[in-house]
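>>> how would this look folded up:
(chains A and B)
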Amino acid sequence: AQKITQTQPGMFVQEKEAVTLDCTYDTSDPSYGLFWYKQPSSGEMIFLIYQGSYDQQNATEGRYSLNFQKARKSANLVISASQLGDSAMYFCAMRVLVDEKLTFGTGTRLTIIP
Amino acid sequence: DAGITQSPRHKVTETGTPVTLRCHQTENHRYMYWYRQDPGHGLRLIHYSYGVKDTDKGEVSDGYSVSRSKTEDFLLTLESATSSQTSVYFCAISPVPTGLNTEAFFGQGTRLTVV
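Presented below is the predicted three-dimensional model:
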């Protein structure tokens, strides 16, 4: 069974600084995909970025990038130049090829300080 | 935005009563999921469906049942609600993956309180 671990329950970051949210995963399946979702205080789940296990390069989407270290089984989300609107819960998730379940971590609550 | 609607959005019910939550989609996606979100636990999968009348259990399925009689609707039933089922419930949908990069789209959530 696959498992996602997010070890940072909460983080406080100064506005305009870069922030890294940690995510480690565990699976025996060589084919998998990693996702990050953002959940603002309004409650909706917003897809941010995806990384495939066979992707050679780290994924980037605007200010979001994924620091993928396959050997260490980590998929950290990096937000550059943080903004007040980045304050939210962030969830790391994984899907493996053999089943269609999307498994989530426990989340990190990010607070951006003006 | 993906066409996915959860109803009701809020519900307060008494212990021991049955409760049904509905997830309705207009995207004709094959996969539908029910998650519950609790502080400190993230989102945990309750049940999911990979087609009409095809469902399977997730990691926290005890006390819950599901039904999917047509593509667009996925119902989650608490047969006899308990206080431990107080939570926020999310429905998600996903098309047949053309690759692992197929994301899931989420509904707005249902806040259920069992008193």
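>>> how about the residue of chain A found nearest chain B, secondary structure?
Across chain A, the shortest distance to chain B (Cβ to the nearest Cβ) belongs to A:Gly33, at 3.3 Å. From N, CA and C alone the C-beta is placed, and that goes for glycine too. Secondary structure state of A:Gly33, per DSSP: H, G, I helix; E, B strand; the rest coil, is strand.
>>> show me the shaky parts of chain B.
Along chain B, the model assigns pLDDT under 70 to residues B:1-2, B:97-101.
>>> within range of chain A, give me the residues from it.
Contact residues (Cβ under 8 Å from any Cβ of the partner chain) of chain B with chain A: B:31, B:33, B:35, B:40-45, B:48, B:50, B:58, B:88, B:90, B:92, B:94, B:97, B:99-106, B:108-109.
>>> OK, contacts around the residue nearest to A:Met11 when sequence neighbours are not counted?
Using Cβ to Cβ, 6 or more residues apart in numbering or on different chains and skipping residues adjacent in sequence, the residue nearest A:Met11 is A:Leu110, 5.2 Å away. Listed by Cβ atoms under 8 Å, 6 or more residues apart in numbering or on different chains, the contact set of A:Leu110 reads A:Gly10, A:Met11, A:Val13, A:Val19, A:Leu21, A:Ile79, A:Asp86, A:Ser87, A:Ala88, A:Met89, A:Tyr90.
>>> swap the cut-off to 10 Å and go again
A:8, A:10-13, A:19, A:21, A:38, A:77, A:79, A:82, A:86-90 (Cβ atoms under 10 Å, 6 or more residues apart in numbering or on different chains).
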